[in-house]
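A.B. asks: Here's a sequence, model it:
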Amino acid sequence: MTLKIKKIMMGLSTGILALIIAGCSSDEPVQNNGSTEDGQTGQSIDTHASSSNELELDDNGESGVGFELDEDGEVQEASNVPADVENAVFEVFNHYIDTFNREDLDGYMSTLSENPSNFTLEEEREAVAEVFETFDVNREVELQTIIDYGDDTAQVYADLVVTTIDPSTKTEITRSGRQITLFKLEDEEWKIDSIFFMAEE
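C.D. replies: Numbers count the residues shown, from 1 in each chain. From the prediction side, this is the model:
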C-alpha cells in the first residue's frame, strides 16, 4: 500500500507551534490540513511553517511525497541508498532533532537549506524562537529510515513522540506522529528542504 500526501500546506515550525498550542489549550483534536490518497482522515496533518505556500503537485494532483507499506504494514526502506549517504543524512537529521530538544536555535537553523522550497529562514527562526520561549518540547525518534533517494535528494521517514510542557500551567501533552523530512544536497552537504508532520489523533 502506498500512502501519499496529495495536497498539504507546507513549511516548518509555525505548524508545530499551532499543534502545540492546540494541544495545551484544548481537548479538541487538531483539524486536518490535508488528505491522503487512501482516504485516511483520522490523522491531523501538520507541517511546521508558512501557511501561505502550498506543496507543488504534479498533473495527477500528487506531491511525490509519501511512503509505502509492505504486507506487514511496515514502512519500506529505499534499496538504492549508499551507506555513506545514509550516514550523512542521518547525521544531519539527528542534529536537527537534538538541537531542537536542547533549544539550540543557531544549531537548529544550521540544518536547514539556504534556499528552502516553501518557507523562509526568517519566519522559521521566529517561529522556533517562539516555541522555545513558550514551551518545553522534546521530540523522541522511535524509527527512522530513508524511503526515497535520488542523486541530490532524500526523504527520511520517522516515527516521533512529541512531549510538550506548558511551564505556566504545568500541562503536559504527549502525541505520536509520522514525519517525512525532505533533504537536498547543497555544496556537498545535506540540508533540510521541507518537513511534513502527520500527528495521530
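A.B. asks: for the chain, what spans make up the helices?
C.D. replies: Taking DSSP state H as the criterion, the chain carries its helices at 13-25, 83-101, 105-109, 121-134.
A.B. asks: Please identify the deepest-packed of these.
C.D. replies: With neighbours taken as mean count of other Cβ atoms under 10 Å, the helices of the chain reach their highest mean count in helix 13-25, at a mean of 21. Heads up, the C-betas are built off the backbone N, CA and C, glycines and all.
A.B. asks: In its sheet, which strands sit next to the longest strand anywhere in the chain, and in what direction?
C.D. replies: Ranked by number of residues, the top strand in the chain under DSSP state E is strand 171-186. Counting by DSSP bridges, the strands paired with strand 171-186 are strand 153-166 (antiparallel), strand 189-200 (antiparallel).
A.B. asks: List the residues that contact Asp151.
C.D. replies: The contact partners of Asp151, by Cβ atoms under 8 Å, 6 or more residues apart in numbering, come to Leu185.
A.B. asks: what do you get for Trp190?
C.D. replies: 88-89, 92, 154, 183-184.
A.B. asks: Distance of Pro167 relative to Phe135?
C.D. replies: In this view, Pro167 and Phe135 are 7 Å apart by Cβ to Cβ, to the nearest Å.
A.B. asks: So between these two, which is more surrounded?
C.D. replies: When Pro167 and Phe135 are compared for neighbours, Phe135 comes out ahead with 19 against 9, by other Cβ atoms under 10 Å.
A.B. asks: Verify the contact between that one and Lys170 for me.
C.D. replies: No. Applying Cβ atoms under 8 Å, one finds Phe135 not in contact with Lys170, separated by 11.7 Å.
A.B. asks: quick one on the thing from earlier: out of the strands paired with strand 171-186, nearest to Glu114?
C.D. replies: strand 189-200 (7.1 Å; Cβ to Cβ).
A.B. asks: Buried ones in that closest one, by neighbour count?
C.D. replies: Going by neighbour count (16 or more other Cβ atoms under 10 Å), the buried part of strand 189-200 is 190-199.
A.B. asks: ok, now stretch 112-122?
C.D. replies: 112-113, 116, 118-119.
A.B. asks: any idea how far Ser113 lies from Val141?
C.D. replies: Ser113 is 21 Å from Val141, by Cβ to Cβ.
A.B. asks: hmm, back to that, got CSV for the strands paired with strand 171-186, with distance to Asp104 and mean pLDDT too?
C.D. replies: Below are the strands paired with strand 171-186 laid out as CSV (distance: least, Cβ to Cβ, whole Å; pLDDT from 0 to 100):
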stretch, distance to Asp104, mean pLDDT
strand 153-166, 18, 94
strand 189-200, 15, 88
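A.B. asks: Can you lay out those as TSV showing distance to Arg175?
C.D. replies: Formatted as TSV, the strands paired with strand 171-186 follow (distance: least, Cβ to Cβ, whole Å):
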stretch	distance to Arg175
strand 153-166	5
strand 189-200	5
